[in-house]
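**Student:** Test case, fold it:
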Amino acid sequence: MLSGKFAISVHILTLLTKFPNDYLSSEFIAGSMNLNPVLVRKEIANLKAHHIVESKEGKNGGTKLSKAASNITLKEIFEMTFENIGLGYAKNQPNPDCPVGKKINQNLDALYVEMNQKVCQQLENISLEDFSTQF
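**Tutor:** Below you'll find the predicted structure:
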């Protein structure tokens, strides 16, 4: 299931793309997203762990991209946010004696894998720089 981390990360990175020479504070970024700065800092920590951003502390501190936006794909962002597309499963266990019930979750798993592959194929062709030109 999708948690929103992809959208938050893309928002953060798009802002950083728009201000390539500035260290943006988590408060500034959170203001753009109308989100608590603590949640922004959690996503920044993940982006930092993947070497997409760099941060510095202090009065003039903040975060900026550590690599060119043209070298970051939306697929990379999707994968680093631990997102997977899935539409869920029934809350109760299906009947294993039913021809549909015994295979439904297995077939849904295969469908979700295929959906994620197709999403990744599409996102692979969109750079962060390309995406950010819309703003």
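
**Student:** Just give the number of residues close to I44.
**Tutor:** 24 (other Cβ atoms under 10 Å). C-beta coordinates here come from the backbone N, C-alpha and C atoms, glycine included.

**Student:** Assess the claim that it and V53 are in contact.
**Tutor:** Yes - assessed by Cβ atoms under 8 Å, I44 is found in contact with V53 at 6.3 Å.

**Student:** Relative to N107, how far out is S32?
**Tutor:** 41 Å (Cβ to Cβ, to the nearest Å).

**Student:** the more surrounded of those two?
**Tutor:** Remark: of S32 and N107, S32 carries more neighbours, 14 against 10, as counted by other Cβ under 10 Å.

**Student:** next helix or strand past the host helix or strand of the more buried one?
**Tutor:** In the assignment (DSSP states H and E), S32 maps to helix 26-33. The C-terminal neighbour of helix 26-33 among helices and strands, as given by DSSP H and E, is helix 37-49.

**Student:** Tell me the pLDDT of N92.
**Tutor:** On pLDDT, N92 comes in at 87.

**Student:** Tell me how many other residues surround it.
**Tutor:** Neighbours of N92 (other Cβ under 10 Å): 6.

**Student:** mind starting the numbering at 571 from now?
**Tutor:** With 571 as the first residue, the last one maps to N662.

**Student:** What ranges in this protein fall below the confidence cut-off?
**Tutor:** 571-572 (pLDDT under 70).

**Student:** Check which helices and strands the longest helix along it sits against.
**Tutor:** Taking DSSP state H as the criterion, the chain has its longest helix at helix 674-693. Under the contact criterion of 3 or more Cβ pairs under 8 Å, 6 or more residues apart in numbering; DSSP states H and E, helix 674-693 touches helix 644-650.
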